[in-house]
Each structure stands twice: as structure tokens, then as C-alpha cells.
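Q: Could you work out the structure for the sequence below:
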Amino acid sequence: LGDVYKRQVVSTVPKNEEPGHQLQNRAVELCAQVPGNFEKTITILEWYLQTYKEADFFEEFAADWGGCRCGVCGVPDFLRYVRVLAEKLNELNPSAELYANTWCISYWGKDPLAEGWKTMYEREVSGSREVIKALPDMPDNTHLALPCHHLYRPLAFTSYDGKANTPTFPTQEDIINVHRAGRKVLAWPHFVMDDDAYRPLSWGIVHSELRYIQQLLRTLRLMGIDSVIGNLYLPLLQISNTYAYGRLLDNPDADPIDLIRDFAKLVVVRDDVDKLVEVMVWVENNSYWEEQMPEDSRLPKLSVTVSTQRARKLAGEVRPSAKPAMPLPVSSQQWREALQISIEKMS
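A: Residues are numbered from 1 along each chain as shown. Modelled structure (predicted):
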């Protein structure tokens, strides 16, 4: 996997200095209407293609950061980048694929947030459908990646005053139109496995959102999407969500408690599995992801009831496995310590 990620954006960080923290936003957007700017920015993206040309596929993100809010630029300007990059990729690696990712495609136009988040999401739908309509005329190696905000994301549901008022996008018809053009669809639900630094109540802690991951994957299956990316900011913390995500991709109907138990068997000694199951049920039932959800989009909690006091106590008692049954990216001991810290932050 290789990402052609920061389109339209040029760093302002001085040479030989580290870019720094995500929240510093040390970049500028360049309008493609200004002579020379398209050539300047496409050169940056082509460097990534050349450097990682052996990757199986690339994504050209519409924005975040990026796009152009001058009021003249629009979706055709984004597609100009996609077309040039797809043609270049075809020269470098004819077997590779380029996915036009419509994340924040609403930023190709006047600033959408000037009219609020609902406008941003409305333009996300219309912009994505404009890309779908253009796909038959794009190079054959061009496919589609969709953020799927309207299917799972609390901020989208809240923007429409509840899940019941939130339009479905993509629909089955949208996906049929993509497949009819001979193109693939990749779902790119960014936040459900982890969360980013803009939400400090959920940043830097162990997550468990198995019920919501399961609901999303079931919905995607219903819409006709069978390829999904799971995004991680802090992969060493999120080994439980990652494990469950992989299992649910194989079987979206698996029982969440069974998945928690199977995960627990990997990270603690046999006699402490039941204890860790209780702890992870508490983490799941007290997820900030769920707290962000409007009332009509919250799922029933897992049936096991665990108090905060008991979860804290058991987290300190479980003994990490010295020899996990499968390789882990972090030691069981380190993850157990992170879990304890997470429970303190959550409570």
C-alpha cells in the first residue's frame, strides 16, 4: 500500500527541520488555477509514485489537508490530478491501481464549513457522485475509495440531528454504478478503529468498539462493498480493535464476546482470560465513540455488567502471557500497562 496523500499542499517547514506535530498545520494550499501551481504540486505527487512504484495500489485523496476553496476550483480539478497520476502510474507499474479517494472532496469549492458540518457532508455526497459519474472516462487503472461518513460516523449523524435523518451514502445503486463502469470500490472509514488528536477524550487510550465495527461492516456488505481499510494512529495501543477488525472482516456476524475472549487468550495467561474479558467489556461499554453518538444511533451495550471499580481492579490483576499464541506488535506486558492507564483516563 502506498498513499499519494497531500495533494495541493506544499509544506512551509524549513529545509532540514522535522515537520512537527499534526496540529501545527504547517502547510499551504495552492490553487491549481494559478499558472505553475498544478505543475508544482503534481511533481510532488509523482515523486511518491516513482519512489514507491512497486506498491500494489495508491490513493489520491481529495483533501484534508488540501483541495482548493478559492470558489472557482471544483471536482474536475481534483479529477485532473487523478487522471495525470493514473496515467503516470500506468507507465511506472501497469499492474498497480490508483484509487480516487473522495475524503473531504467538499473542499474543492467554497469553504464548506462556513455553512456548517451538514453542508460539508452534503457536498461530500454530491462530489463523490460526480466522481462516480466520471469513472467510465478515467484511465482503466482508476478506482474509487469512499469515506462512508454517512454510514457510521457520530459527527455525520449529529450534523443531521440523528441517524434517522442522515441520508444513506453510498447506496446500493451508487456501488452498482461503480461496478457497472468496471471499477472497484474501497471503503475508507477512518475513525472507527482509533481516534485522532482532535478528540482528546479518546486520544492515546486503548479502544474497544467491536459492536460499531461490526455494524459498519454489515452495512458495507449490504451496500455491496467488500474491501475495507482500517485506519490506526496508534497501532501498538489498538491491538484489540485490530484483532477484532480482522476477525469481523472474515465473519461480520461473529459474536463480540467470543472475539473478546479469543483476544484475551492471546495476551494473558489461561487462568486470567475471564478477568480480561470483563475488563474489555467495560472498555467497550464505556467507549467515547459511543458517547459521541446521538441517542438514536447507539447500540445496545454488551450484556455483561462490570463496574468501573471492578474493571480497574481486574486490569491490575491479569497476568500477561509470556508466549502469545500469535505474534503481537507490542509485548503483552506493555499493552496491559497501557490498558490500566486507559481505564484511569476513561473513568
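Q: Check what pLDDT residue 153 gets.
A: Note on residue 153: pLDDT of 97.
Q: Report the separation between it and residue 274.
A: 34 Å (C-beta to C-beta, to the nearest Å). For every residue, glycine as well, the C-beta is placed using N, CA and C.
Q: Give the residue from these two that has the larger number of neighbours.
A: More neighbours surround residue 153 than the other of residue 153 and residue 274, with 23 against 13 (other C-beta atoms under 10 Å).
Q: Go ahead and confirm residue 217 touches residue 249.
A: Yes - contact criterion C-beta atoms under 8 Å: residue 217 and residue 249 qualify, at 6.7 Å.
Q: Compare the two and say which one has the larger neighbour count.
A: More neighbours surround residue 217 than the other of residue 217 and residue 249, with 24 against 14 (other C-beta under 10 Å).
Q: Surely residue 125 is in a strand?
A: No - counting by DSSP: H, G, I helix; E, B strand; the rest coil, residue 125 is not found in a strand; it is helix.
Q: circling back: intersection of neighbour lists for residue 217 and residue 249?
A: residue 228 (C-beta atoms under 8 Å, 6 or more residues apart in numbering).
Q: any idea whether residue 128 is helix, strand or coil?
A: helix.
Q: Could you report the distance from it to residue 279?
A: 40 Å.
Q: What of residue 148?
A: On the measure of C-beta to C-beta, residue 148 and residue 279 end up 30 Å apart.
Q: Give me the more crowded residue out of the two.
A: More crowded of residue 148 and residue 279, by other C-beta under 10 Å: residue 279, with 29 against 24.
Q: Surely the more buried one is in contact with residue 340?
A: No - using C-beta under 8 Å, residue 279 is not in contact with residue 340; the gap is 9.3 Å.
Q: Quickly list what's touching both of those two.
A: Joint contacts of residue 279 and residue 340 (C-beta under 8 Å, 6+ apart) are residue 315.
Q: Tell me how many other residues crowd residue 171.
A: Using other C-beta under 10 Å: residue 171 sits among 14 other residues.
Q: In space, what's closest to it - neighbours in sequence excluded?
A: Using C-beta to C-beta, 6 or more residues apart in numbering and skipping residues adjacent in sequence, the residue nearest residue 171 is residue 223, 6.8 Å away.
Q: what's the answer for residue 135, then?
A: Closest residue to residue 135 apart from its sequence neighbours, by C-beta to C-beta, 6+ apart: residue 181 at 4.6 Å.
Q: and the one you found, how many residues sit next to it?
A: By other C-beta under 10 Å, neighbour count at residue 181 equals 17.
Q: Please apply the same query to residue 226.
A: 14.
Q: Can you tell me the closest non-neighbouring residue to it?
A: Here the residue nearest residue 226, using C-beta to C-beta, 6+ apart, is residue 220, at 7.6 Å.
Q: What does the pLDDT read for the closest residue to residue 252 other than its chain neighbours?
A: Distance criterion C-beta to C-beta, 6+ apart; nearest residue to residue 252, sequence neighbours excluded, is residue 217 at 4.3 Å. pLDDT recorded at residue 217 is 97.
Q: Helix or strand for residue 217, just tell me which one.
A: Using DSSP states H and E, residue 217 sits in helix 210-223.
Q: Give the other helices and strands that the helix or strand just after that helix contacts.
A: On the C-terminal side of helix 210-223, the closest following helix or strand by DSSP H and E is helix 239-250. Counting contacts by 3 or more C-beta pairs under 8 Å, 6 or more residues apart in numbering; DSSP states H and E, helix 239-250 is packed against helix 210-223, helix 256-267.
Q: Tabulate the ones you listed (TSV), appending distance to residue 312.
A: Formatted as TSV, these follow (distance: least, C-beta to C-beta, whole Å):
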stretch	distance to residue 312
helix 210-223	21
helix 256-267	17
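Q: I'd like to know which of those helices lies nearest to residue 29.
A: helix 210-223 (30.8 Å; C-beta to C-beta).
Q: which parts of the closest one are buried?
A: Buried residues in helix 210-223, counting neighbours by 16 or more other C-beta atoms under 10 Å, are found at 210, 211, 212, 213, 214, 215, 216, 217, 219, 220, 223.
Q: Excluding chain neighbours, give the residue nearest to the second one in space.
A: So that's residue 211. Nearest one to residue 211, counting by C-beta to C-beta, 6+ apart, is residue 299 at 4.6 Å.
Q: What is the neighbour count of that neighbour?
A: Residues near residue 299, counting by other C-beta under 10 Å: 14.
Q: Report the contact partners of residue 222.
A: Residues near residue 222 by C-beta under 8 Å, 6+ apart: residue 172.
Q: Please tell me how far it sits from residue 167.
A: 15 Å.
Q: can you check residue 43 too?
A: From residue 43 to residue 167 the distance is 38 Å (C-beta to C-beta).
Q: Please apply the same query to residue 141.
A: For residue 141 relative to residue 167 (C-beta to C-beta), the value is 31 Å.
Q: On the three-state scheme, the most far-flung residue of the chain relative to its centre is what?
A: Distance from the centre of the chain peaks at residue 271, with 35.5 Å (C-alpha atoms, centre = their mean). Following three-state DSSP, residue 271 is assigned to helix.
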